[in-house]
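1. Sharing a sequence plus its predicted fold:
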Amino acid sequence: MASEAFPSGLSQSKMLELLGDTRALKEAFEAGDLPAVAAMLQSTLHSLENVRLDIGVTGGTGSGKSTFVNAIRGLGDEDPTSACTGVVEMTMAPTPYLHPKYPNVIIWDLPGIGAPAFQADKYVQRVLLDRYDFLLLLTSESFTANHARLAREILQQGKRFYCVRSKVDVDIAASRSRRPSSFSEERVLSQIRDDCVQRLEAEGLKDPKVFLLSMFELGKYDFDLLEEAMVRGLESHKRHAFLMALPNVSKPTLERKAASLRKHIWLVATVACGANPSPVPGVPEVACDLFLLTHSLEGYRHSLGLDQHSLIRLAGHTGRPLHKILEALHDPKTKVTEALVAERLGQASGDASAFSQELLNVPILGPLAACGLSFATVYRMLRTSLDMAVRDAENVLLQAFPDNPDPDCKLLGEPDQGPQGGDLSGTGAGGGQTRSAGSTGTTAALEGGGGIRVW
Ligand SMILES: Nc1nc2c(ncn2[C@@H]2O[C@H](COP(=O)(O)OP(=O)(O)OP(=O)(O)O)[C@@H](O)[C@H]2O)c(=O)[nH]1
Ligand SMILES: [Mg+2]
């Protein structure tokens, strides 16, 4: 019954958490006053889509901070809006990078903490620690006293941070080629993890957690665990914003996005039916805001990487023909129009009256169902469209990476081959200083090895 139609997470307490539990809203809900409820929920929806999220990426000089800033935004290093990366010191001042699809999500590329005379207190003043919702603290080698000093300073200021050991692809490749008979990827990873934890503990940090990553294959290693931890640490609106902005690197990421979008369907449906509703051509008894619904369905496609731009980019970066990727789509339309939404509403209205009956059993939403078929039809249309988009997004991942043995792990990131990437001439911004990009010095070979970027 109702439990089949609605996600189990749609409990009264969850809804009230999202709404801020205002008495007026509760009363309007209980009275089944859809226009009043919708007017109040419009601002909730607006802030859900526009809440600002600032993420600081700090750590050792050359540890891959800028590469991460690009990869987490679904970009390689050569995009016009990418952060500069390279083998000489690149990032000298805190620099904000807006997410290309969600400009409310800002990733800050921070200067490295490598200097021998590093002073954590001065550094946090310089980078304005207060502005970040959370930080990532990167190293590509061992964690040092500087990392620990910075970590303590961040903790003192009440901020959340996550320790990341980058470039593990380099360590794995070195171990595989140098000790092939005894090579075990799991063992290499656990040695790195144990070493990182021990060093941080030796510097006085309690119970440190370290996530192992390769920026060239972002969906692999500990990215899923890191993503889960970062998501868990955010309050509801910021969590949603962050999830929407994440690159579609793996099935678990898609599932998390889908769950968050599903959780908010009732909110979109309420606003679409209660604020500015107009009759839908060809769908009797249904009135709603078609513009808002078009925007929402577009939003599903953008977040799940099914918009035209994302698909073309994916084809370009994986070398898969676009028509092959498009074959993976059950719904090949990459642009959502009001006519398409009206058509879907027509399909959903078929069994809307039975669905409306189910709605009556759902806490809070019950009275809204009594207002007519619109809410049930719109809710059902959104739910079906989202499910279809998620299936398409999963198929696109499989189609784009047919040879990947592990369907849960997709690759993201691209080696930088831009002007700075091969710049060993000592003329870069680092005052002529060059440094190794990886702990084993095999980066150049790996960079030529064709890392893959997902949109
Ligand atoms: N193999 C490998 N190379 C990486 C990885 N992350 C970054 N690199 C390379 O390491 C070099 C330095 O990366 P950047 O992203 O510029 O490092 P950064 O921390 O921003 O450096 P600064 O801003 O100068 O402190 C570049 O050549 C990157 O391509 C990774 O996970 N694996
Ligand atoms: Mg940098």
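-> Happy to help now that I have it. Ligands and ions are numbered 1, 2, ... in the order given.

2. Do you know the pLDDT at residue 327?
-> Predicted confidence (pLDDT) for residue 327: 89.

3. number of nearby residues for it?
-> When neighbours are defined as other Cβ atoms under 10 Å, residue 327 has 12 of them. Yep, even glycine has a C-beta here, placed from its N, CA and C like the rest.

4. Disregarding residues adjacent in the polypeptide, which is nearest to it?
-> Nearest residue to residue 327, sequence neighbours excluded (Cβ to Cβ, 6 or more residues apart in numbering): residue 399, at 7.0 Å.

5. same check, this time on residue 355
-> Spatial nearest neighbour of residue 355, chain neighbours left out: residue 376 (4.4 Å); criterion: Cβ to Cβ, 6+ apart.

6. Tell me, how many residues neighbour the one you found?
-> Neighbours of residue 376 under the rule other Cβ under 10 Å: 29.

7. which residues touch it?
-> Residues counted as contacts of residue 376 (Cβ atoms under 8 Å, 6 or more residues apart in numbering) are 352, 353, 355, 356, 359, 369.

8. Distance check, the fourth one against ligand 1.
-> The gap separating residue 356 from ligand 1 is 52 Å, by Cβ to the nearest ligand atom, to the nearest Å.

9. same check, this time on the fifth one
-> To ligand 1, residue 359 is 49 Å away according to Cβ to the nearest ligand atom.

10. Out of the contacts of residue 376, who's the most crowded?
-> The residue in the contacts of residue 376 with the most neighbours, by other Cβ under 10 Å, is residue 352 (25 neighbours).

11. just to revisit the earlier point, would you format the contacts of residue 376 as a markdown table with secondary structure, pLDDT and distance to residue 77 included?
-> Written out in a markdown table, the entries for the contacts of residue 376 read as follows (DSSP: H, G, I helix; E, B strand; the rest coil; pLDDT from 0 to 100; distance: Cβ to Cβ, whole Å):
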| residue | secondary structure | pLDDT | distance to residue 77 |
| --- | --- | --- | --- |
| 352 | helix | 79 | 49 |
| 353 | helix | 78 | 54 |
| 355 | helix | 76 | 48 |
| 356 | helix | 76 | 52 |
| 359 | helix | 72 | 49 |
| 369 | helix | 65 | 51 |
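
12. quick one: buried residues of stretch 193-210?
-> By neighbour count with 16 or more other Cβ atoms under 10 Å, stretch 193-210 contains the buried residues 193, 196, 197, 199, 200, 203, 205, 208, 210.

13. Which residue is the nearest non-sequential neighbour of residue 39?
-> Nearest non-adjacent residue to residue 39 (Cβ to Cβ, 6+ apart): residue 275, at 6.0 Å.

14. so how many other residues sit close to the one you found?
-> The burial metric for residue 275, expressed as a neighbour count using other Cβ under 10 Å, is 19.

15. List phi and psi for it.
-> phi -110, psi 130 (degrees, to the nearest 10).
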